[in-house]
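Novice: starting from these lines, generate the structure:
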Amino acid sequence: MNEISPQQLLTQMRAMSTELNSSLPTAVSETNGSGFNDLFKNAIEQVNDTQMQAGGMKRDFETGTSNHSLAEVMIASQKADLSFRAMTEVRNKLVNAYQEIMNMPV
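Specialist: Residues are numbered from 1 along each chain as shown. Here you go, the predicted model:
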């Protein structure tokens, strides 16, 4: 069994922290506005992919052309439902924030 000494662990943690801190400003300092747009677009695409995969698994299970168990199909379906609900909540929060900003007195 490989044991890691506390000193080695501390050294690794410091190296990871330094790496994280050095990459953070480049990710945050994006000023062209496409960062949020790309992030939101990717999130929507991931939710869509999850729903399409779950739908395909359901269809394959119903027709008997799949090796997936009922539990796997149900889990995929629940993941798709949960991801859609989360995306809807994020959208609702963004719309509410936009409305609050638009209603602020100038």
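
Novice: going forward, measure contacts between C-alpha atoms and count neighbours the same way
Specialist: OK.

Novice: what residues does stretch 43-52 touch?
Specialist: Stretch 43-52 has contacts (CA atoms under 8 Å, 6 or more residues apart in numbering) with 76-77, 79-81, 83-84, 87.

Novice: can I get those in a markdown table with neighbour count, pLDDT and distance to Lys93?
Specialist: Shown next, in a markdown table, are the contacts of stretch 43-52 (neighbours: other CA atoms under 10 Å; pLDDT from 0 to 100; distance: CA to CA, whole Å):
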| residue | neighbour count | pLDDT | distance to Lys93 |
| --- | --- | --- | --- |
| Ala76 | 19 | 92 | 26 |
| Ser77 | 20 | 94 | 25 |
| Lys79 | 16 | 93 | 21 |
| Ala80 | 22 | 93 | 20 |
| Asp81 | 16 | 94 | 18 |
| Ser83 | 19 | 92 | 15 |
| Phe84 | 18 | 93 | 14 |
| Met87 | 16 | 92 | 10 |
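
Novice: just the ones in strands from the residues you listed, please.
Specialist: In strands, judged by DSSP state E, none of the contacts of stretch 43-52 are found.

Novice: which pair of these spans the longest distance?
Specialist: Ala76 and Met87 (16.5 Å; CA to CA).

Novice: do a quick rundown of the helices in this structure.
Specialist: 6-28, 34-63, 70-102 (DSSP state H).

Novice: just want the most central residue of this protein.
Specialist: The centroid of the chain falls nearest to Ala43 when counting by CA atoms, centre = their mean (6.1 Å).

Novice: so how far is Ala86 from it?
Specialist: 10 Å (CA to CA, to the nearest Å).

Novice: ok, now which ones touch the closest residue to Ser77 other than its chain neighbours?
Specialist: Spatial nearest neighbour of Ser77, excluding adjacent residues (CA to CA, 6 or more residues apart in numbering): Ala54 at 5.2 Å. Shown in contact with Ala54 (CA under 8 Å, 6+ apart): 73, 76-77, 80.

Novice: and stretch 82-95, which residues are buried?
Specialist: Buried positions in stretch 82-95, judged by neighbour count with 16 or more other CA atoms under 10 Å: 83-84, 87.
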